[in-house]
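>>> Generate coordinates for the sequence data below:
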Amino acid sequence: MVAESGTKNRLIEKVAEIYDWLDEQIRDSRKQAGRCDACGKCCDFDKYDHRLFVTSPELIYLIDNLGYENIKPMKKGCCPYQTAGRCSIYKYRFAGCRIFCCSGDADFQSRLSELTLAMFRQICIDFDIPYRYADLPTALNSVASV
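Numbers count the residues shown, from 1 in each chain. This next block holds a predicted model:
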């Protein structure tokens, strides 16, 4: 996806900066962000009746941190990284996972999502990579050994 090592490292750093900024926004707005009880319900997309979308920079970031060989396909409606109700990639989780909370304010989440997506779009422009916004199964299955 991103050929040159130095360029890839800068891209990874930019995604990490966005995630740090996002985590700070959520910490600073706890009341609107809601409190996650780590129940894992939202990771079962079919049962919870929602979808998670990820961008190409986020997928590059995950692959860089986990390695291609550790990218799991999504064969069912549940995130393959949920293990016993816990996120096994919590440190590298996607923006949507960071933003969404069952008890959070939907308007706050929507505004934060739009700001974050604009930042990921800018990364794609800055690094001349295609901007893709795909649902989690499509994104994971496109790179995982299915």
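>>> Pull out the buried positions in stretch 71-90.
By neighbour count on 16 or more other C-beta atoms under 10 Å, the buried set for stretch 71-90 is I71, K72, M74, C79, P80, Y81, C87, S88, I89. Backbone N, C-alpha and C define where each C-beta goes, glycine included.
>>> residues contacting the spatially closest residue to the fourth one that is not a sequence neighbour?
What that stands for is C79. Of all residues not flanking C79 in the chain, C43 sits nearest, at 4.3 Å (C-beta to C-beta, 6 or more residues apart in numbering). Residues near C43 by C-beta atoms under 8 Å, 6 or more residues apart in numbering: C78, C79, Y81, Q82, C87.
>>> Just the closest of the residues you listed to R51, please.
Relative to R51, the closest of the contacts of C43 is C79; by C-beta to C-beta it sits at 11.1 Å.
>>> just checking, what packs against the lowest-mean-pLDDT helix or strand in the chain?
In the chain, the helix or strand scored least confidently by mean pLDDT, DSSP states H and E is helix 45-48, which has a mean of 82. On a contact count with 3 or more C-beta pairs under 8 Å, 6 or more residues apart in numbering; DSSP states H and E, helix 45-48 meets no helix or strand.
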